[in-house]
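J.: I'd like to go over a predicted model; first the sequence, then the structure.
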Amino acid sequence: QVLCQFVRHESDTVGSLVLERSMNRVQLLGRVGQDPIMRQVEGKNPVTIFSLATNEMWRTGDGDVTQGGDISQKTTWHRISVFRPGLRDVTYQYVKKGARLYVEGKIDYGEYTDKNNVRRQATTIIADNVIFLSDGGTKEKV
């Protein structure tokens, strides 16, 4: 009952089709792993692609923050694709390896066939907002 007060289910019925609100939103803060590349697939708009590393750190053992203990770290790599024309071009021109970025977008799960005719799965973040957080990561001053 309490949960129902905070989560409101809104839906519209169009014929027999029920439209519900949903969300696919990703926020990442990390460092660029490679200079962006721009790809053009025949018949489609160009896309800027780069990788972004995010780090997760945690302390192992029973020690608290002041007493030390072992610190573990895990790096996760994300494939970022930028399709929006203005953002795509600025990202390609000014981002470089090592830049610290904040990226907002949506997650996309896709499939492709590699050169050996093997079906592969790919997870991509489709960026709709990129915020530059460090001077050191730009190719030239804007």
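T.: Received, thanks. Residues are numbered from 1 along each chain as shown.

J.: max-length helix in this protein?
T.: The longest helix of the chain (DSSP state H) is helix 85-94.

J.: what is the mean pLDDT for it?
T.: Rounded to a whole number, the mean pLDDT of helix 85-94 is 96.

J.: residues of that helix that come out buried?
T.: Neighbour-count burial for helix 85-94, counted by 16 or more other CB atoms under 10 Å, picks out Arg88, Val90, Thr91, Tyr92, Tyr94. C-beta here means a position set from N, CA and C on the backbone, and glycine is covered the same way.

J.: dump that helix to PDB, keeping only the CA atoms.
T.: Output of helix 85-94 as PDB, limited to C-alpha atoms (Å, rounded to 0.1, in the frame of the first residue of the first chain):
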ATOM      1  CA  PRO A  85      24.700  15.700 -35.400                       C
ATOM      2  CA  GLY A  86      26.100  18.600 -33.400                       C
ATOM      3  CA  LEU A  87      27.100  16.500 -30.400                       C
ATOM      4  CA  ARG A  88      28.600  13.800 -32.700                       C
ATOM      5  CA  ASP A  89      30.900  16.300 -34.400                       C
ATOM      6  CA  VAL A  90      32.000  18.100 -31.300                       C
ATOM      7  CA  THR A  91      32.700  14.800 -29.500                       C
ATOM      8  CA  TYR A  92      34.800  13.600 -32.500                       C
ATOM      9  CA  GLN A  93      36.700  16.800 -32.800                       C
ATOM     10  CA  TYR A  94      37.500  17.600 -29.100                       C
END
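
J.: what's the angle from the host helix or strand of Ile107 to helix 85-94?
T.: Using DSSP states H and E, Ile107 sits within strand 100-113. Per axes from the mean of the first three to the mean of the last three CA atoms, to 10 degrees, the angle that strand 100-113 makes with helix 85-94 is 110 degrees.

J.: for Ile71, name its beta-bridge partners.
T.: Arg59 (DSSP bridges).

J.: one more: Tyr112?
T.: Arg120.

J.: the residue lying closest to Met57 once chain neighbours are set aside: which element?
T.: Distances taken as CB to CB, 6 or more residues apart in numbering place Gln73 nearest to Met57, at 4.9 Å, with adjacent residues excluded. Per DSSP H and E, Gln73 falls inside strand 70-82.
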